[in-house]
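predicted model and sequence follow; I will ask about them next.
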Amino acid sequence: MAGKRSAPAPEVVPDIPERLAVADAPWLAPTRQRLQAAWRSGRFPHALLLVGRAGLGQSELALWVAQLALCEAADGRPCGGCGACVLFRSGNHPDLHRVTLEDDSKVVKVDQIRALSAVLAMRSYRGGYQVGIVDPADALNTNAFNALLKTLEEPSEQTLLVLVASRPSVLPATIVSRCLRLPMPVPTAAVAGTWLARRRPGTDWEQVLALAQGAPLAALDLAEAGVAELGPALARDLSQVGSAGFDPWRLAEAWHKDRPGERLLWIEHWVTGWLREALAAGDAVNNNRSSGLPRAAAGTNMGPVFAFLDRLRAARAAVEGPLNTQLLLEDLLVAMGEAFAAAQGRTG
Ligand SMILES: [Zn+2]
């Protein structure tokens with residue numbers, strides 16, 4: 001139902017220009033061009049689903065496409081200078097509606113989606129498009145998905161809904177089928193490295209990018225957290241795992257107080273490197289020597305280490321949660337000692 005509206009209170013989002021600059025990243029260019037072509041041809045979809053691992057820029061691209069739809073320069077690109085763009089960049093555009101996690105919540109609440117649906121059903125404030133961004137869209141519960149589905153099934157004219165998800169598999173098929181799905185590409189190491197070096201010179205980006213599994217924004221966060229400095233001491237710790245006199249409780253106590261998630265990322269990086277080395281045992285693969293892990297040799301039993309890797313990944317997902325991190329790390333260190341002992345045919 002269309003109705004008269006008063007201007008909503010300004011959002012407190014001072015970071016929009018910075019995030020729009022990220023959306024200009026070179027690996028997002030093909031996706032930007034595709035969206036611009038659709039926009040210029042007048043075949044713009046009502047709903048977009050931007051999917052990709054965290055740190056590839058999908059949240060930033062969501063803002064960029066919102067600005068594309070709201071820009072009033074009408075030349076098919078976000079101009080940055082029209083009245084709408086100025087409002088947008090200051091976080092005050094009345095026709096941009098962002099739904100995200102509130103406070104410490106892990107889920108987007110159904111009331112947030114209902115409020116979004118209600119506002120999108122009304123006339124836009126400036127007479128053009130209205131844009132709703134739901135980020136992360138994979139943090140909705142069933143009721144919230146159902147509320148969102150109603151908006152997707154009966155979209156108003158000049159309405160754009162942008163969903164952002166790093167785990168698209170949790171989205172119902174009824175939602176996905178009503179969206180244009182745009183996967184975010186992972187840049188090559190060279191493209192990502194050049195981009196990162198411009199933003200923050202003097203960092204060994206090759207290493208940090210590998211830890212971030214190629215996602216440049218995740219690499220920036222990791223560099224900010226000092227992840228590279230953690231490596232050498234961690235390798236020394238790991239060389240003790242499973243040896244006589246090794247004390248997992250003490251190590252877990254030290255680790256859980258200082259960047260436990262980053263430590264597990266390093267271990268995952270090394271364990272996958274170890275498995276690659278074990279798979280190629282006999283060939284001269286020797287790229288994992290800094291890890292403190294035992295050398296992988298021919299005849300190594302990889303099953304226990306693959307099982308440990310699964311456990312490690314689950315721990316990495318859980319380490320930010322409400323579980324007792326120290327206990328989690330202690331269990332993991334014991335399991336690690338056992339896995340590598342079993343891999344080498346020793347009993348733990
Ligand atoms: Zn503009």
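Okay, I see it.

from here on, contacts and neighbour counts on C-alpha atoms
Fine.

any idea how far the residue nearest to residue 88 when sequence neighbours are not counted lies from residue 83?
Leaving aside its chain neighbours, residue 88 sits nearest to residue 67 (6.9 Å; criterion: CA to CA, 6 or more residues apart in numbering). The gap separating residue 67 from residue 83 is 12 Å, by CA to CA, to the nearest Å.

quick one, which of those two is more surrounded?
The neighbour comparison of residue 67 against residue 83 (other CA atoms under 10 Å) goes to residue 67, with 23 against 13.

distance check, the more buried one against residue 80.
From residue 67 over to residue 80 the distance is 8 Å, taken as CA to CA.

surely residue 332 touches residue 312?
Yes - contact criterion CA atoms under 8 Å: residue 332 and residue 312 qualify, at 7.0 Å.

which one's more surrounded, the two?
Using other CA under 10 Å as the criterion, residue 332 and residue 312 rank with residue 312 on top: 23 against 19.

okay, the more buried one and residue 114: tell me how far apart.
38 Å.

how about the residues of the protein that lie near the ion?
Contact residues, the chain versus the ion (CA under 5 Å from the ion): 71, 73, 78, 79, 80, 82, 85.

CA atoms only: put stretch 140-148 into CSV for me.
This file holds the C-alpha atoms of stretch 140-148, laid out as CSV (Å, rounded to 0.1, in the frame of the first residue of the first chain):
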residue,chain,number,x,y,z
LEU,A,140,17.5,-15.7,8.9
ASN,A,141,15.3,-18.2,10.6
THR,A,142,12.3,-20.0,9.0
ASN,A,143,9.8,-17.3,10.0
ALA,A,144,12.1,-14.6,8.6
PHE,A,145,12.6,-16.4,5.3
ASN,A,146,8.8,-16.7,5.0
ALA,A,147,8.3,-13.0,5.6
LEU,A,148,11.0,-12.3,3.0
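
quick one: contacts of stretch 234-248?
Here stretch 234-248 makes contact (CA atoms under 8 Å, 6 or more residues apart in numbering) with 251, 263, 290-294, 330, 333-334, 336-338, 341, 348.

now list the buried members of the residues you listed.
Among those, the ones that count as buried by 16 or more other CA atoms under 10 Å are 251, 263, 291-294, 330, 333-334, 336-338, 341.

the residue nearest the centre of the chain - nearest residue in space that isn't next to it in sequence?
Centroid check for the chain by CA atoms, centre = their mean gives residue 54 as the closest residue, at 1.1 Å. Excluding its sequence neighbours, the residue lying closest to residue 54 (CA to CA, 6+ apart) is residue 166, at 5.8 Å.

wait, the one you found touches residue 138, no?
Yes - between residue 166 and residue 138 there is a contact under CA under 8 Å: 7.2 Å.

how far does stretch 155-175 sit from its chain's centre?
17 Å (CA atoms, centre = their mean, to the nearest Å).

now do it, average pLDDT.
Mean per-residue pLDDT for stretch 155-175: 92.

do stretch 196-204 as well
In this model, stretch 196-204 carries a mean pLDDT of 91.

pull the residues that contact the lengthiest strand in the chain.
Taking DSSP state E as the criterion, the chain has its longest strand at strand 159-165. Outside strand 159-165, the residues that touch it by CA under 8 Å, 6+ apart are 45-52, 58-59, 62, 66, 69, 120, 129-138.

those residues in strands, which ones?
Those of the contacts of strand 159-165 lying in strands (DSSP E): 47, 48, 49, 50, 51, 130, 131, 132, 133, 134.

what's the closest of these to residue 276?
Of all the ones in strands among the contacts of strand 159-165, residue 276 sits closest to residue 51, with 28.2 Å by CA to CA.

how many neighbours does whichever residue of the stretch 101-250 of the chain sits closest to the ion have?
Of all residues in the stretch 101-250 of the chain, the one sitting closest to the ion is residue 128 (12.2 Å; CA to the ion). Neighbour count for residue 128, taken as other CA under 10 Å: 17.

that one against residue 158, yeah?
Yes - using CA under 8 Å, residue 128 is in contact with residue 158, at 6.8 Å.

can you list the domain ranges for the protein.
The chain resolves into domains spanning 16-183, 225-343 when parsed by automatic domain parsing.

and those domains, which one's lowest on average pLDDT?
For the domains of the chain, mean pLDDT drops lowest on domain 225-343, to a mean of 84.

mind checking the end-to-end distance for it?
33 Å.

one more: stretch 132-143?
18 Å.

and stretch 100-108, by the same measure?
This stretch, stretch 100-108, spans 6 Å end to end (CA to CA).

equivalent analysis for stretch 245-259, please.
Distance across stretch 245-259, first residue to last, is 25 Å (CA to CA).

pretty sure residue 135 sits against residue 60.
No - counting by CA under 8 Å, residue 135 stays clear of residue 60, with 10.4 Å between them.

which ones are touching the residue nearest to residue 88?
Shown here is residue 67, whose contacts under the criterion CA under 8 Å, 6+ apart are 78, 85, 88.

mind giving me JSON lines with those and columns for secondary structure and neighbour count?
Output for these, formatted as JSON lines (DSSP: H, G, I helix; E, B strand; the rest coil; neighbours: other CA atoms under 10 Å):
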{"residue": "78", "secondary structure": "coil", "neighbour count": "21"}
{"residue": "85", "secondary structure": "helix", "neighbour count": "21"}
{"residue": "88", "secondary structure": "helix", "neighbour count": "22"}
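
from those, which is closest to residue 229?
Distance to residue 229, by CA to CA, is smallest for residue 88 among these, at 38.6 Å.
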